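here is my input, please return the structure:
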Amino acid sequence: MKNALILICVAFVAFVGCRKDEIEGPELQDIFGEFDVFESLTADSETVNFENGEMITFSAQLSIRTDWVITVEGMTSGARYEIEGRERDIQGDVATWNGRITFAPLFSTEDVKTYMTFVNYPDTLWGDTITVEGVKPEALVDVLISDFSTGNGWGSFAEAAATNQQLTGSYFVQNPLNPEPDFIQVFSPEGEGHWRMTYLNNNSIFICGANILAEQSQQAETSPYFELGTTNPDNVYINMLIHGFGDGNTRMSIGLQEDDNLDGAYDRFTEGTYNTELVVDWVGWKVVSIPLSSFNISTVGGFGNIDGTGNQDIDRILSVEFLLLAAEGSTGFVGYGMDYCNFTRYTPWNP
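Numbers count the residues shown, from 1 in each chain. Predicted coordinates:
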């Protein structure tokens with residue numbers, strides 16, 4: 001009996017000793033540790049030629065895990081690329097730059113400054129200056145919806161006091177009802193024009209919208225539907241440049257209107273619209289890429305909420321609709337600009 005008891009105890013100790021403890025949630029070091037920088041922000045090269053396929057890798061080391069942003073900013077162009085993360089040890093694939101942008105315009109052959117900021121700490125780590133000797137090749141798109149510089153025929157609809165129009169030329173004067181912020185300082189990031197929708201909101205939700213038919217878009221095909229080359233929504237992204245003013249109340253809705261019965265027309269009472277909404281809370285022209293699989297059937301009764309086939313049919317998209325919305329209960333300026341809307345297959349657009 002005594003020997004059996006010893007064997008049981010030994011087995012229990014062996015089981016406990018061999019069991020691997022699993023750590024759930026944040027480590028104590030990240031909760032109670034002091035924030036410090038062990039290794040400052042550095043780049044692995046002083047020069048880069050993106051035209052030859054080169055890239056830059058950044059490294060840094062922190063005492064705790066915390067939210068951070070590495071920013072690359074063109075000293076001539078003003079272009080910006082941002083890398084967000086939460087690692088303590090920043091190495092390798094965690095922070096790389098291949099010449100793309102987060103905020104327009106595009107980078108040029110120029111010097112760029114690099115710095116690192118933190119969501120929960122006021123510190124700014126200044127990194128190396130890098131010389132761009134060759135720019136990234138032009139990012140290709142599979143279907144161009146519109147560059148808002150050429151073509152016509154886009155539909156628009158608005159509340160009486162809203163401004164909703166295509167603008168050709170880099171500068172324009174905003175509706176006198178909306179003197180601030182002023183679009184006159186907003187450049188067109190691609191081509192000679194862009195589209196903007198603005199409003200001096202007074203507790204409205206829907207403001208105005210624009211609608212682009214596939215037949216009136218700049219896609220190469222002449223089909224009444226956007227020719228996306230696949231029926232899988234996971235494989236297609238809608239991309240564009242969106243200008244925000246950081247007002248916090250501007251909402252953008254994007255709708256994909258389907259011709260479920262293939263009669264060449266969209267009926268909002270019997271056919272589906274798949275849409276998504278985003279908060280435009282940034283300042284400047286930002287690249288936005290959204291997979292079509294993240295769009296959901298409309299929930300507004302009588303406005304595309306009845307899907308005739310029961311499926312998201314991206315090979316039956318007749319038109320793309322853009323709405324300017326405002327946060328519920330908000331007042332004051334709302335508005336955004338948009339440019340170079342397009343579809344890409346398999347990967348987001350990477351200008």
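
what sits up against stretch 302-309?
255, 257-258, 260-261, 268-275, 297-299 (Cβ atoms under 8 Å, 6 or more residues apart in numbering). C-beta coordinates here come from the backbone N, C-alpha and C atoms, glycine included.

buried stuff in it?
When burial is assessed from 16 or more other Cβ atoms under 10 Å, stretch 302-309 yields the following buried residues: 304, 306, 307, 308.

please state the offset of it from the chain centre?
What separates the centre of stretch 302-309 from the centre of its chain is 27 Å, taken as Cα atoms, centre = their mean, to the nearest Å.

could you give me the average pLDDT of it?
What stretch 302-309 shows for mean pLDDT is 86.

distance between the ends of it?
One end of stretch 302-309 sits 16 Å from the other (Cα to Cα, to the nearest Å).

dump the residue contacts of the closest residue to residue 276 other than its chain neighbours.
Of all residues not flanking residue 276 in the chain, residue 295 sits nearest, at 4.9 Å (Cβ to Cβ, 6 or more residues apart in numbering). The neighbours of residue 295, taking Cβ under 8 Å, 6+ apart as the test, are 233, 254, 256, 274, 275, 276, 312.

let's have those residues in a markdown table, adding neighbour count, distance to residue 74 and secondary structure.
Below are the contacts of residue 295 laid out as a markdown table (neighbours: other Cβ atoms under 10 Å; distance: Cβ to Cβ, whole Å; DSSP: H, G, I helix; E, B strand; the rest coil):
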| residue | neighbour count | distance to residue 74 | secondary structure |
| --- | --- | --- | --- |
| 233 | 19 | 35 | helix |
| 254 | 20 | 29 | strand |
| 256 | 25 | 34 | strand |
| 274 | 23 | 37 | strand |
| 275 | 20 | 35 | strand |
| 276 | 16 | 31 | strand |
| 312 | 20 | 39 | coil |
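
is residue 270 within a helix or a strand, and which one?
Using DSSP states H and E, residue 270 falls within no helix or strand.

and it, its phi and psi?
phi -130, psi -10 (degrees, to the nearest 10).

burial of it, as a residue count?
For residue 270, the neighbour count with other Cβ atoms under 10 Å is 13.

and what of residue 273?
23.

now swap in residue 93 and tell me
For residue 93, using other Cβ under 10 Å, the count is 6.

state whether it is indeed within a helix.
Yes: checked against DSSP: H, G, I helix; E, B strand; the rest coil, residue 93 lies within a helix.

which pLDDT value does the model give it?
Residue 93 is given a pLDDT of 87.

next one: phi and psi at the closest residue to residue 202 other than its chain neighbours?
Among residues not flanking residue 202 along the chain, residue 331 sits closest, at 5.6 Å (Cβ to Cβ, 6+ apart). Note on residue 331: its backbone torsions stand at phi -130, psi 160 [degrees, to the nearest 10].

gap between residue 331 and residue 196?
20 Å (Cβ to Cβ, to the nearest Å).

quick one: which of those two has more around it?
Comparing residue 331 with residue 196 by other Cβ under 10 Å, the one with more neighbours is residue 196, at 23 against 13.

surely the more buried one touches residue 324?
No: counting by Cβ atoms under 8 Å, residue 196 sits too far from residue 324 to count as a contact (9.3 Å).

which neighbours do the two share?
Common neighbours of residue 196 and residue 324 (Cβ under 8 Å, 6+ apart) are 335, 336.

burial of residue 231, as a residue count?
13.

that one and residue 223: what is the separation?
14 Å.

I'd say residue 265 and residue 257 touch.
No: in this structure, residue 265 is not within contact of residue 257 by Cβ under 8 Å, at 10.2 Å.

overlap in contacts of these two?
residue 318.

buried ones in stretch 99-113?
Buried residues in stretch 99-113 (16+ other Cβ under 10 Å): 99, 100, 101, 102, 103, 104, 105, 106, 107, 110, 112.

quick check on the residue nearest to residue 84 when sequence neighbours are not counted: phi, psi?
Closest residue in space to residue 84, ignoring its immediate chain neighbours: residue 69 at 5.3 Å, by Cβ to Cβ, 6+ apart. Backbone torsions for residue 69, taken as degrees, to the nearest 10, come to phi -140, psi 120.
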